[in-house]
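A.B. asks: here's a sequence, model it:
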Amino acid sequence: MRQLNFLERLQRLFLVSVFSLTASIGFGFVLGGEISWSAALISVGTGAVIGIPLFSFEIFFVNSPLGERFRRQPFLFFVLVRAVVWGGWIWVGVWFSAAWIWQLPPTDLLISSNTWWTIAFSITLGSLIVMMLALNRLLGQGVLVNILLGRYHQPREEYRAFLFLDLIGSTAMVERIGAAAFLGVMNRFAYEVDHALEGRGGRIHSYVGDQVIVTWPIENSDDLAPAVATVFSLRRRIAHHADTYGREFGEVPQFRAALHVGPVAVGEIGDEKREIVLLGETVNLTARLEQVARELELEFIVSDTALQYITPRPGWRVEQMGQFKPRGSGQKMEVHTIFLEDED
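C.D. replies: This next block holds a predicted model:
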C-alpha cells in the first residue's frame with residue numbers, strides 16, 4: 001500500500017475515531033449522571049478498548065491489499081461480515097472494559113445496567129459507523145460526505161482534470177467472449193483502476209459503457225503528474241495480470257486514455273436516486289479527445305491545457321502531435337502524447 005494512500009485512509013478513520021470518542025464521552029456523562037474528568041476518562045478508555053482493534057481491522061485488512069478478495073464479495077455479505085466483526089468485538093470489549101476500567105466485580109457484570117446500556121449504545125454506534133463506511137464505498141469516496149454536508153446542493157463551478165480510460169476493441173471483444181464475460185473483464189479492469197489510483201488523489205466518477213471516467217479537482221498550483229502515473233501504473237498492472245485475464249476471460253484488455261482540464265458545473269441531481277454529476281464542455285472535449293486518440297492510433301493523448309499542469313518525471317517522453325479539431329467542437333486543440341522511453 002502506498003504511503004499516501006495509507007495516510008489518506010488513516011485520516012478518514014481518525015475522523016471516525018474522533019466522532020466515536022465524542023459520542024462515547026457524551027454517553028458516559030448521561031450514563032453517570034454527571035460531567036466529570038473521571039467519567040470522561042472512563043469513556044475514553046472504553047472507547048479505546050473497543051475502537052483500536054476495530055479501526056486496525058479496517059485499516060490493515062478491509063482497506064488494504066489483504067482485504068481485496070473480501071471487498072469483492074457481494075455487497076450484502078461484505079456488510080454483514082463487517083457488522084458481525086464489529087458487533088462481536090464490541091460485546092467482548094465492553095466486558096473487558098467493565099472488568100478492567102470500570103472495576104466492576106465479576107458477579108456484577110451481568111446485573112449491572114451500565115453494562116447492558118453500554119453494549120446497546122456501542123452496537124448502535126458501531127452499526128451506524130459500518131453503514132456509513134459501506135455507503136461511502138458504495139457511492140464513491142467523498143460522495144456521501146458531500147451529499148450530507150450539502151456541498152453541491154446548489155450547483156457550483158470547479159476546475160477539474162478528467163481522465164477517460166476506454167477499452168480498445170470492446171465491440172469485437174463482446175462478440176468473441178459474450179456480454180457476461182465482457183462485463184467480468186470490465187469489472188476486473190475497474191479494480192485495476194482503483195489500485196492504480198491509490199495515493200494519487202484521483203476519484204472514479206462514473207462508468208460509462210466500456211469507459212472509466214476519473215477526475216481530479218485541481219488548483220493552479222496542482223501537478224497532474226499523478227494522473228499520468230496512473231495511466232502507466234494501470235498498463236503495468238494489466239500486463240502483470242495478463243495470464244489471469246487470459247485464463248479467466250480468454251482476453252487481455254488494452255485501453256486508450258485521454259486527459260484534459262477545464263471548468264465544470266458540479267451539483268446534485270435526482271430524487272429517489274441522488275448522485276453528484278459533473279457537466280460542461282470540458283467533459284465533452286475529453287470524450288472527443290479520446291476519439292482523436294482513436295483516429296491517430298495513440299494509447300494516451302493529452303491536451304495542451306492539461307500538459308501545462310504536468311511536471312514530467314524521469315523516463316517520460318512528451319511528443320507534440322499537432323493541432324486537431326475534435327468532432328463536434330468549434331475550436332482546434334493542440335494535443336500531445338506521453339509515453340515511457342523504455343517502451344520504444
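A.B. asks: right, and the helix or strand after the lengthiest strand in the chain?
C.D. replies: Identified as the longest strand of the chain according to DSSP state E is strand 255-269. Using DSSP states H and E, the next helix or strand after strand 255-269 towards the C-terminus is strand 275-279.
A.B. asks: for that following strand, packing partners?
C.D. replies: Here strand 275-279 touches helix 143-149, strand 255-269, going by 3 or more CB pairs under 8 Å, 6 or more residues apart in numbering; DSSP states H and E. All C-beta spots, glycine's among them, are computed from the backbone N, C-alpha and C.
A.B. asks: next structured bit after the first one?
C.D. replies: Per DSSP H and E, the first helix or strand lying C-terminal to helix 143-149 is strand 156-167.
A.B. asks: what about that following strand, average pLDDT?
C.D. replies: In this model, strand 156-167 has a mean pLDDT of 91.
A.B. asks: now it: buried residues?
C.D. replies: By 16 or more other CB atoms under 10 Å, the buried positions in strand 156-167 come out as 160-167.
A.B. asks: what angle separates it from strand 275-279?
C.D. replies: Computed with axes from the mean of the first three to the mean of the last three CA atoms, to 10 degrees, the direction of strand 156-167 lies at 90 degrees from that of strand 275-279.
A.B. asks: rank the helices and strands packed on strand 275-279 by pLDDT, which is bottom?
C.D. replies: Among these, helix 143-149 scores lowest, at a mean of 65.
A.B. asks: pull the number of nearby residues for Ala242.
C.D. replies: Neighbourhood size, Ala242 [other CB atoms under 10 Å]: 12.
A.B. asks: ok, it touching Glu251?
C.D. replies: No: counting by CB atoms under 8 Å, Ala242 does not reach Glu251; the two are 10.1 Å apart.
A.B. asks: pLDDT at Ile276, what is it?
C.D. replies: Reported pLDDT at Ile276 in the predicted model: 76.
A.B. asks: and Phe96, how far is that from Ile42?
C.D. replies: In this view, Phe96 and Ile42 are 13 Å apart by CB to CB, to the nearest Å.
A.B. asks: looking at these two, which is more packed in?
C.D. replies: Ile42 (20 against 13).
A.B. asks: how close does that one sit to Leu104?
C.D. replies: With distances taken as CB to CB, Ile42 is found 11 Å from Leu104.
A.B. asks: still on that earlier bit, mind listing what's buried in the longest strand of the chain?
C.D. replies: Counting neighbours by 16+ other CB under 10 Å, one finds that the buried residues in strand 255-269 are 255-262, 264, 266-268.
A.B. asks: which of these lies closest to Phe61?
C.D. replies: Nearest to Phe61 among the buried residues of strand 255-269 is Phe255, at 30.1 Å by CB to CB.
A.B. asks: so what's that closest one bridging to?
C.D. replies: Legend: beta-bridge partners of Phe255 under DSSP bridges are Leu167.
A.B. asks: what's the spacing between it and Arg71?
C.D. replies: From Phe255 over to Arg71 the distance is 22 Å, taken as CB to CB.
A.B. asks: quick revisit: distance to Trp89 added to the buried residues of strand 255-269, as TSV?
C.D. replies: Conversion of these to TSV gives the following (distance: CB to CB, whole Å):
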residue	distance to Trp89
Phe255	41
Arg256	46
Ala257	43
Ala258	46
Leu259	44
His260	47
Val261	45
Gly262	48
Val264	43
Val266	39
Gly267	40
Glu268	36
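A.B. asks: would you map the helices across the chain?
C.D. replies: Using DSSP state H, the helices of the chain run over 3-32, 37-57, 68-71, 75-100, 113-139, 143-149, 170-177, 179-197, 225-240, 242-249, 281-296, 304-307.
A.B. asks: got the ones you listed as a markdown table, with distance to Gly315 columns?
C.D. replies: Output for these, formatted as a markdown table (distance: least, CB to CB, whole Å):
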| stretch | distance to Gly315 |
| --- | --- |
| helix 3-32 | 20 |
| helix 37-57 | 37 |
| helix 68-71 | 28 |
| helix 75-100 | 39 |
| helix 113-139 | 34 |
| helix 143-149 | 35 |
| helix 170-177 | 30 |
| helix 179-197 | 17 |
| helix 225-240 | 9 |
| helix 242-249 | 22 |
| helix 281-296 | 21 |
| helix 304-307 | 17 |
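A.B. asks: for the ones you listed, which one sits closest to Lys332?
C.D. replies: Nearest to Lys332 among the helices of the chain is helix 304-307 (10.2 Å), distances taken as CB to CB.
A.B. asks: what does that closest one rub up against?
C.D. replies: For helix 304-307, contacts defined as CB atoms under 8 Å, 6 or more residues apart in numbering pick out 161, 224, 227, 259-262, 318, 333-336.
A.B. asks: try it again at 7 Å.
C.D. replies: Applying CB atoms under 7 Å, 6 or more residues apart in numbering, the contact partners of helix 304-307 are 161, 224, 259-262, 333-336.
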